[in-house]
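Asks: Coordinates for the following, if possible.
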Amino acid sequence: MATVNSYTGTMPTPDRTSLDAIVLAASDLLETDGLAALTMNAVAQRVGVRAPSLYKRVQGRDRLIQLVAEATLTDIADRLNAHSDPVRIASQLRAFGKERPAAFLLVMSPGAGTPVADDAFRHASVASLLRVAGELAGEQHALEAARTLTAWATGFISMELNGSFQLGGDVDRAWDFGVTRIIDAITVSR
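Replies: Numbers count the residues shown, from 1 in each chain. Sure thing, here's the model as predicted:
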């Protein structure tokens, strides 16, 4: 037997969307229109409900952005965890940045006041990088090595996404040169 809403005297509205659909729509909106356009109203339109309906699943815009960041880091973790070679890991991060530039920038260089993913998602996204960094630099320097590689790659990718390489030359060749040099620099000779 159906439950009647005692306030309105009507049947409750059936669920017309899922949290996964909301996060996917928000992720798509982020890529097409940017973070400023990522609003509850815009996402509601994308999933075909009214904005108040979204609040049944997501507490507000900040939480929505956090969910998008967490889904992004899950995607990154899946890509990176499939590889054990540091060059492939860095290349996968770059490929992700090119495919989903707004999501990449959201998680790798969020602006001040931008909601960020929960620590568990951030830790999971770098597990394979930490493992490989430990193999290269030794366990006692794994974190420093992972940070060095990540910082270089994030900076390079962010500059590439923003069109900052204006001096000519082959950007892919510069990437190969840089990633090789960074890996050499963090590798402990055995």
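Asks: which strands and helices sit next to whichever strand or helix holds residue 92?
Replies: Assigned by DSSP states H and E, residue 92 belongs to helix 86-99. Where contact means 3 or more C-beta pairs under 8 Å, 6 or more residues apart in numbering; DSSP states H and E, helix 86-99 is packed against helix 61-81, helix 101-108, helix 127-137, helix 142-161, helix 171-186. For the C-beta atoms, the positions are set from N, CA and C on the backbone; glycine is no exception.
Asks: ok, the closest residue to residue 63 other than its chain neighbours - contacts?
Replies: Leaving out its chain neighbours, the residue that sits closest to residue 63 by C-beta to C-beta, 6 or more residues apart in numbering is residue 115, at 7.3 Å. Going by C-beta atoms under 8 Å, 6 or more residues apart in numbering, residue 115 touches 62-63, 65-66, 69.
Asks: Now distance to residue 148 and neighbour count too, for those residues, in TSV please.
Replies: Putting the contacts of residue 115 into TSV (distance: C-beta to C-beta, whole Å; neighbours: other C-beta atoms under 10 Å) gives the following:
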residue	distance to residue 148	neighbour count
62	31	12
63	33	13
65	28	21
66	27	19
69	23	23
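Asks: what's the closest of those residues to residue 25?
Replies: In terms of C-beta to C-beta, no member of those lies closer to residue 25 than residue 65, at 13.1 Å.
Asks: who touches the helix holding residue 92?
Replies: Helix 86-99 is touched from outside by 75-76, 79-80, 82-83, 103-104, 108, 128-129, 132-133, 136, 149-150, 153-154, 156-158, 160-161, 175, 179-180, 183, with contacts defined as C-beta under 8 Å, 6+ apart.
Asks: Going through the residues you listed, which ones are buried?
Replies: Buried by 16 or more other C-beta atoms under 10 Å: 75-76, 79-80, 83, 103-104, 108, 128-129, 132-133, 136, 149-150, 153-154, 156-158, 160, 175, 179, 183, out of those.
Asks: And the pLDDT for the most centrally placed residue in the chain?
Replies: Geometric centre of the chain, nearest residue: residue 72, 3.2 Å, by C-alpha atoms, centre = their mean. Per-residue pLDDT puts residue 72 at 96.
Asks: Check residue 9 too.
Replies: Looking at residue 9, the pLDDT reads 39.
Asks: Next, the contact list for residue 49, please.
Replies: Residue 49 touches 16-17, counting by C-beta under 8 Å, 6+ apart.
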